[in-house]
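> Output the structure for:
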Amino acid sequence: MSKFADIQIDPAIVKRAARGDSKAHEIIYRAFATPVYSICLRFTKVPAHAEDLVQETFIEIMRSIARFRGEAALGSWIRRIAVSKALMFLRSAWTKRGQTFEDDWQDITEGQATSHGISSHPDDALDLDAALANLPDVSRAVVWLHDVEGFTHKEIAGLMGKTESFSKSQLSRAYQRLRPMLAVDENTQPDGAVARSY
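Next comes the predicted model:
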């Protein structure tokens, strides 16, 4: 899971924020702005879009914090809002491009890594960020939600309005596309160790 879970906010600050205390709002913003920006940037790949989503996320947080019941950690609740905002942004972008979730995974096909700016040199190919950036939006979102944020396929399906099978198949397809981008020649491994695929 990302660093959302590591951030601790005094429950008294949350209660003050729920009553509309602007200082409490600022404390929460300062604590979570960086991880919210990070997750939004992972989804959008465009800093300006990520900045807009940070603002939208915190507007939603401050509007809704009075309804926060503390059943989960504040960071988990904020992370879920940020993910929802990012997915709403992506849905809007897909709609504008006339695409659907199903269409998006086909944006990069096997064997096209080098034509999409991924180096075939092993040292460069190990750049996970570059590889993820070259995945289609849906695939990248599912990989990030599942492998980094720790969402289950059921949770991802709920966020995307799809089935668990959809989430699982997107993750599988993403792995298939990441493997050639991240592959390391077995001969370069010490003692003949086999390179671990993503």
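> what about His49, how many residues close to it?
17 (other Cβ atoms under 10 Å). C-beta: built from backbone N, CA, C; applies to glycine.
> need the contact list for it.
Applying Cβ atoms under 8 Å, 6 or more residues apart in numbering to His49 gives the contacts 40, 89.
> check which helix or strand covers it.
Assessed by DSSP states H and E, His49 sits inside helix 47-64.
> Which parts of that helix count as buried, going by neighbours?
49-50, 53-54, 56-58, 61-62 (16 or more other Cβ atoms under 10 Å).
> Look up the closest residue to the most centrally placed residue in the chain, ignoring the ones flanking it.
Closest residue to the average C-alpha location of the chain: Trp144 at 4.2 Å, with Cα atoms, centre = their mean. Sequence neighbours aside, Arg42 is the residue nearest to Trp144 in space, at 5.2 Å (criterion: Cβ to Cβ, 6 or more residues apart in numbering).
> Just give me the neighbour total for the one you found.
Residues lying near Arg42 (other Cβ under 10 Å) number 22.
> in this protein, which helix or strand is least confident?
Here the helix or strand of the chain ranked lowest by mean pLDDT, DSSP states H and E is helix 122-125, holding a mean of 39.
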